[in-house]
Structures are given as C-alpha cells and as structure tokens.
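In: next come a sequence and a model predicted from it.
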Amino acid sequence: MAYANSDDRSARATKIVIAGGFGVGKTTMVGSVSEIAPLRTEELITEASEGVDDLSGVEQKRTTTVALDFGRITISPELILYLFGTPGQDRFWFMWDELARGAIGAVVLADTRRLDSCFAAVDFFERRNLPFVVGVNCFDNSYRYGTEEVRGALDLDDHVPVLLCDARERESTKQVLIALLQHAMAEARLAGTAS
Amino acid sequence: MTATDEEWFDEAAGPLVRPYAMTGGRTRSDTLGLDLITLVVAMQSVTDVDVEPEYAGILSACQHPTSVVEVAAKVDLPLQVVKVLLSDLISQRLIIFRSPAAPGAEPPSQHVLQAVLDGIRKL
C-alpha cells in the first residue's frame, strides 16, 4: 500500500526564496545544493513575451527563466526544504507574494555588472520584513567589488549580511544559506524580545 | 466569423485551451488554500481507482508526500490547473493534504530554523 508509513502524515515543508535579476544565476544556485535536478513548473501567462527580456551585459546566457524553477533538500524524514528561484522578469511579480509567504527568508543574488537589477528584490523583502542576505555572485570575468561597496550601493542596513559567493559551487551556496538561517534566527529572537 | 475558425485547432491554441477544459473552466481553488509547498499524498494507489487520466497522473505523482509545486512539475501542467484538480481529489478523499503555510502564515519556528540550519551544515 502506498500509504502505510504513518510518519508520512507528519511530514512538513518549508522554503527559501532565491531572488535577483534576470540571468544572475538563481537556478544555478538552486541546482548547486538541490538533491534533484532543478524542476520547473509554469503559470499560465497570456501576455506576449517577445522583446521584453533584458540581456544587456549577459550575452553568455542563452536560455530564459520564464517559469518557476525549484530544488529540494530533504532535511529529515519530517522536514523538506524547497528552494525557489524567482521568475526573473518583472511581469512575474504577481508570483512573488505566494513565494515569500511563510518563507524562512531570501537570498538576493547580485551581479556587480548590473547591481540595479536587484534593487526591486531588496525593496520587496524589506517591505515585507522577510529576512534576507545578499550574495554577490562572482562570475569569472566580472570585476569584484567588496561587500561593503555593494552594501553602500544597495543602501542596505548594517545587519543585513552581504557575502561574496560562487553560485556554481555547492560549498559556497551552503555558506550563503547558513548565513541566511543564522540571520533569520537572530531576527526572530529580536522580534521575540521586542514584543 | 471569418474563414479562420480552424485556428482554434492550431498547436498554439492547445496548451492554452486544454488545461482550462480539464478543470471545467475553473481557475481558482482558494477554498482549500493550497500553497506551493502544501504536501499532498494519495490515499489510494492509481490502480485501485477509476479516474480520468489527468487525475490518475496526479495520484501517481503523489504516492508519497509531495509538494503541490512538485506534483505540477511532474505532471507538466500549470500550477493553477493542478491546484484545481488536487482540490477535486481532496474532496473525493483520494488525497489528503497538510498545509504548512496558510495565507498570512507565521514565519517558521526557531525549532524549524535550527533543524534546517543543522541539515544544511551536514550537506
């Protein structure tokens, strides 16, 4: 019988959102730690999509994230963590609310060649008080700004962690996620003492 | 009406029309509050029930606890359609669900955060 194990009934799921501009490496980051190859699901979009993707500065990227990509990490038999890459284009904003609702927090992945492309994500999470960290994805040919320069450019509060990372590397992505979890726990403790 | 009626049978029309036809035109399933990561699990094996192919596909995709979004990816149907079809199966008691994040949900507890932190460190 498919459903004999009573432990199945107590399983729970939680999620982390990986946000950032189009082509910054969100799906790569999901794939670097996911136990499954990133899966993709789609929402029905009726609007035409030609000519709206902004590829300036990312000539290397051929494919477009037009849907929701996600990965999975089984933390324990009772707890599954999902990692969601946000749809990269502005016309998918309507999906962000459901993604952010009840999430542990978010990683805003930044590309220093186009820092402005993550302003919207930073703004979104700040307004919802969702804990987030900024991961500065260091591509091979991109100039490496220091974390403090990025913090200044994005006008981030001092308590928001900013890390340099390589979204292709499992160990690097792990460090970003660990920083997010520690940040989320500190924020939750602060909220607990404030109330 | 023009002579281009047959455009409806164009390949391009298929994916847009057919999923809504599957759900009888329904696009919302808010009554159950199914979320992307709501876990669903089939109470019956597919071979035990006589259901239409789309329902059978969903039942076989969640023989073990599986998130709504993962079911959608497995059966390769849009999320809204999968939520409606899941709601039907839940109302027929062929699937049960556990909602981790109802609308306006609390953030995860310290216990969950600690468990996730420990799990990621062990990767």
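Out: Alright, I've got the coordinates.

In: helices of chain A, residue ranges please.
Out: Per DSSP state H, chain A carries helices over the ranges A:26-33, A:96-100, A:119-127, A:147-154, A:170-194.

In: before we move on, what about chain B?
Out: Ranges of helices within chain B are B:14-22, B:53-61, B:68-75, B:79-91, B:110-121, based on DSSP H.

In: about what we covered before: how about CSV for the helices of chain A, with mean neighbour count and distance to chain B added?
Out: From N, CA and C alone the C-beta is placed, and that goes for glycine too. Converted to CSV, the helices of chain A look like this (neighbours: other Cβ atoms under 10 Å in any protein chain shown; distance: least, Cβ to the nearest Cβ, whole Å):
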stretch, mean neighbour count, distance to chain B
helix A:26-33, 24, 6
helix A:96-100, 19, 6
helix A:119-127, 17, 13
helix A:147-154, 16, 21
helix A:170-194, 17, 4
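
In: turn those helices into CSV, including distance to residue B:75 and mean pLDDT.
Out: As requested, the helices of chain A are exported to CSV (distance: least, Cβ to Cβ, whole Å; pLDDT from 0 to 100):
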stretch, distance to residue B:75, mean pLDDT
helix A:26-33, 21, 96
helix A:96-100, 19, 86
helix A:119-127, 30, 93
helix A:147-154, 39, 93
helix A:170-194, 29, 93
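
In: now for the ones you listed, which one comes closest to residue B:114?
Out: Of all those, it is helix A:170-194 that lies closest to residue B:114, at 7.2 Å by Cβ to Cβ.

In: between that closest one and helix A:26-33, how big is the angle?
Out: Interaxial angle, helix A:170-194 versus helix A:26-33 (axes from the mean of the first three to the mean of the last three Cα atoms, to 10 degrees): 100 degrees.

In: who touches helix A:170-194?
Out: For helix A:170-194, contacts defined as Cβ atoms under 8 Å, 6 or more residues apart in numbering or on different chains pick out A:16, A:29, A:32-33, A:104-107, A:131-133, A:135, A:159-161, A:163, A:165-167, B:107-108, B:110, B:113-114, B:116-117, B:120-121, B:123.

In: how many neighbouring residues does residue 23 have?
Out: No chain in the question, so chain A it is. 24 (other Cβ atoms under 10 Å in any protein chain shown).

In: you answered for a different chain; I wanted chain B.
Out: By the criterion of other Cβ under 10 Å, residue B:23 has 20 neighbours.

In: tell me how far it lies from chain A.
Out: 11 Å (Cβ to the nearest Cβ, to the nearest Å).

In: now residue B:65
Out: According to Cβ to the nearest Cβ, residue B:65 and chain A sit 4 Å apart.

In: in this structure that residue contacts residue A:72, no?
Out: No - in this structure, residue B:65 is not within contact of residue A:72 by Cβ atoms under 8 Å, at 11.8 Å.

In: what sits in contact with each of these two?
Out: residue A:80.

In: residue ranges for the strands of chain A, please.
Out: A:12-20, A:39-41, A:68-76, A:79-85, A:105-110, A:132-137, A:162-165 (DSSP state E).

In: now, of these, which is deepest in the fold?
Out: Among the strands of chain A, ranked by average contacts under mean count of other Cβ atoms under 10 Å in any protein chain shown, first place goes to strand A:105-110 (a mean of 28).

In: so for that one, what's the average pLDDT?
Out: Averaging pLDDT along strand A:105-110 yields 96.

In: before we move on, what about stretch A:11-25?
Out: Per-residue scores along stretch A:11-25 average to 90.

In: ok, now stretch A:42-58?
Out: Averaged over stretch A:42-58, pLDDT sits at 52.

In: now stretch B:91-107
Out: Averaged over stretch B:91-107, pLDDT sits at 74.
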